[in-house]
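Q: Can you look at this prediction? I've put the sequence above it.
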Amino acid sequence: MDDVWTGDVVGDVLDGPARHGQVAIIDGRGRTLTYGELRRRVRAVAGAMAGLAPGEPVLFAVRPGPDAVVCALGAVAAGGMLVLADPGLAPTVAAARLRLAPPRWVIADSLVYALGGPLRALAARRGLHLPHLRDPVPGRPVRHLYAGRRLPGVPRGAIRLGSLGAGDHSADRPPALGVDGSGASAAAGARGPSHAGQPAVVAFTSGTTGRPRGVVHTRGSLAAGSALFRAAVPLADDDVVHTDQLMVGLPALAAGATWSLPGPGPWAAELAARGATHAFQVPVRLDRALRDTAALPRRLRCLLLGTAPSPPAVLRRARDAAPHAEILSVYALTEALPVAVARAEDKLACREGDLLGTPLPGVRTRIADDGELFVAGPQLARGYLGEPPLREVATGDLARLDGHGRLVLLGRKKDMLLRDGVNIYPGLYEPAIGALPGVAEAAIVGVPDPETGDEEVVLAVVPGPGFDAGALRRALPGVVDAGALPDRVAVLDDFPRGGRTDKLDRAALRAAVARRETRGAAG
């Protein structure tokens, strides 16, 4: 890669500005972990895992919480590359991933060991398909570290997380972690280029068929992403950041702030109870949360949205609930975290596409002849597992630059529609339609005609208060080009969604509006 980043995501936390007695993490039940305890426990895990070769895979299945943060940082400090276990995968897909990244260590909750062993049949009935953690790749010996109390299924000889570092109160000493966790090099050296290039995590891209493709981030690329986040959203040691997202929580720890992890209670109530100054939420979940509360706590200074487009109706609702807070939308990719940040006010003012914002400092972008956006920069992943290094990543997004040098999303390349020889980009019009009175959410999909190969353009809407179908049709020519006006409007109670972040499932939406036409129920 052209970009060289000598930072280290582990060193950023262990050597950061936070005082040892300051609270680093608040878990979902309100329990706290100080920076001193965090540093001591990370060092203990790294020491227990000494001997890993740099970038050696570590299968990771610890539920979000302080134990997960401790184990993840400790494993990476020891030289490991985290391979995240996904319980929703089909067994054949999971096996293919493990063949691509066969682990030397397994770190998991004791409950996950039980669900992958003695309770495997019960887990499968509930849609959980966990690898056999005791023996994830037959014939390849592995060592085990588990969190929680010992349960049936935990292998004999596995190390219990709670037994590590007992009685060690050396947190006042500077952490000293070599790449192998042995303490051979000083903490200052842990920030050197040799550590920056160490693979730290592999995130497999979505998809249930075909060859697995794993995005490999290094200690340096994750540190660069954390630094870019902190440049866009400055954090201080008295801030409290409420999120379940790793790449929002790690910047909080690097800044010496407190990372607050969500619990099972109402989201807005948790913000108030934790004294959150910053919060991150997925747009669809924010929409649900704001249905139960009219106002967010006044201590909240910044509300971040990401992982999916933010419909105008959600942005307006967020602005009404938190007029005192800055509302930001973050554009990021698995391969490049983050890319750009935009204010809600600017997004709402953009009528031709979805404003993503100005690329963050050091992030390079180019737009290909077909309109696809390419991204490069210090936060770019090293590459895909087993493939040549990346120099830039094709986002799959169609975009343009406006007169202020800001990126504007026109839609997904694969979502482009073709009707009468005209290319139609749904993302160019959906934000403006979603901003019309009475529209809660809008999406444009194409229903193929099997005889002509052309596409019927269907506008699907979720109605909001005051929705009027006739008024919507009359308003469309004012926000949609004549060549892109929909053939049909379908009114749905809700949009189908999928994945961990409840993203819009366009394929399912396309099927839903096609079925409505078959039944003669279209609007």
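A: Cool, the structure landed. Keep in mind it's a predicted model, so treat the numbers as computed, not measured.
Q: Residue 328 contacts residue 302, doesn't it?
A: Yes - Residue 328 is within contact range of residue 302, at 6.6 Å (criterion: Cβ atoms under 8 Å). C-betas here are computed from N, CA, C, even on glycine.
Q: intersection of neighbour lists for the two?
A: Common contacts of residue 328 and residue 302, defined by Cβ atoms under 8 Å, 6 or more residues apart in numbering, comprise residue 233.
Q: Between these two, point out the one with more neighbours.
A: More neighbours surround residue 328 than the other of residue 328 and residue 302, with 22 against 19 (other Cβ atoms under 10 Å).
Q: For that one, which three-state class applies?
A: Following DSSP: H, G, I helix; E, B strand; the rest coil, residue 328 is assigned to strand.
Q: From residue 344, how far off is it?
A: Relative to residue 344, residue 328 is positioned 7 Å away (Cβ to Cβ, to the nearest Å).
Q: Same question for residue 37.
A: From residue 37 to residue 344 the distance is 37 Å (Cβ to Cβ).
Q: now do residue 470
A: Residue 470 is 30 Å from residue 344, by Cβ to Cβ.
Q: more neighbours, these two?
A: The neighbour count for residue 470 versus residue 344, taken as other Cβ under 10 Å, is higher for residue 344 (23 against 7).
Q: In space, what's closest to the more buried one - neighbours in sequence excluded?
A: residue 327 (3.8 Å; Cβ to Cβ, 6 or more residues apart in numbering).
Q: what's the neighbour count on that neighbour?
A: 24.
Q: what do you get for residue 386?
A: 12.
Q: Could you give me the buried positions within stretch 108-128?
A: Across stretch 108-128, burial judged by 16 or more other Cβ atoms under 10 Å covers 108-117, 119-120, 123, 128.
Q: now the stretch 401-523 of the chain, which segments are flagged as low pLDDT?
A: 450-453, 516-523 (pLDDT under 70).
Q: let's see 90
A: Along the stretch 401-523 of the chain, the parts satisfying pLDDT under 90 run over 411-416, 418-423, 425, 427-428, 448-455, 481-483, 498-503, 507, 514-523.
Q: Tell me where it has helices.
A: Taking DSSP state H, counting those that start in this stretch, the helices of the stretch 401-523 of the chain run over residues 426-434, 469-475, 506-518.
Q: what helices or strands is the shortest one leaning on?
A: The one in question is helix 469-475. strand 488-491 (3 or more Cβ pairs under 8 Å, 6 or more residues apart in numbering; DSSP states H and E).
Q: winner for burial among the helices of the stretch 401-523 of the chain?
A: Of all the helices of the stretch 401-523 of the chain, helix 426-434 has the most neighbours on average by mean count of other Cβ atoms under 10 Å, namely a mean of 23.
Q: What are the contacting residues of that one?
A: Contacts to helix 426-434, defined as Cβ under 8 Å, 6+ apart, come from residues 309, 311-313, 347, 350-354, 398, 409-412, 415-417, 439-445, 459, 461, 476, 479-481, 484.
Q: just checking, which of those residues belong to strands?
A: 354, 398, 409-412, 417, 439-445, 459, 461 (DSSP state E).
Q: Tell me which two of these sit farthest apart.
A: The most widely separated members of these, counting by Cβ to Cβ, are 398 and 440 (24.7 Å).
Q: For those two, work out which one has more neighbours and name it.
A: The residue with more neighbours, out of residue 398 and residue 440, is residue 398; 26 against 19, by other Cβ under 10 Å.
Q: hang on, isn't the more buried one packed against residue 408?
A: No - Residue 398 is not in contact with residue 408 according to Cβ under 8 Å; the separation is 9.8 Å.
Q: What residues sit buried inside the one helix or strand residue 285 maps to?
A: According to DSSP states H and E, residue 285 maps onto helix 283-290. Judged by neighbour count using 16+ other Cβ under 10 Å, the buried positions of helix 283-290 are 283, 284, 285, 286, 287, 289, 290.
Q: just checking, what packs against that helix?
A: Using 3+ Cβ pairs under 8 Å, 6+ apart: helix 283-290 touches helix 267-274, strand 302-306, helix 312-321.
Q: out of those, nearest to residue 384?
A: Here strand 302-306 is closest among the helices and strands packed on helix 283-290 (Cβ to Cβ), at 22.7 Å.
Q: Now do the closest one against helix 267-274, angle only.
A: Angle, strand 302-306 to helix 267-274, by axes from the mean of the first three to the mean of the last three Cα atoms, to 10 degrees: 140 degrees.
Q: Tell me the strands beside strand 302-306, with direction?
A: Strand pairing for strand 302-306, determined by DSSP bridges: strand 278-281 (parallel), strand 326-331 (parallel).
Q: quick one: contacts of the shortest one?
A: Translated: strand 278-281. 233, 235, 239-243, 245, 248, 252, 267, 271, 289, 300-306.
Q: Make a PyMOL selection of the buried ones in these.
A: Command for PyMOL that selects the buried part of those, burial taken from 16+ other Cβ under 10 Å:
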select buried, resi 233+235+239+240+241+242+243+245+248+252+267+271+289+300+302+303+304+305+306
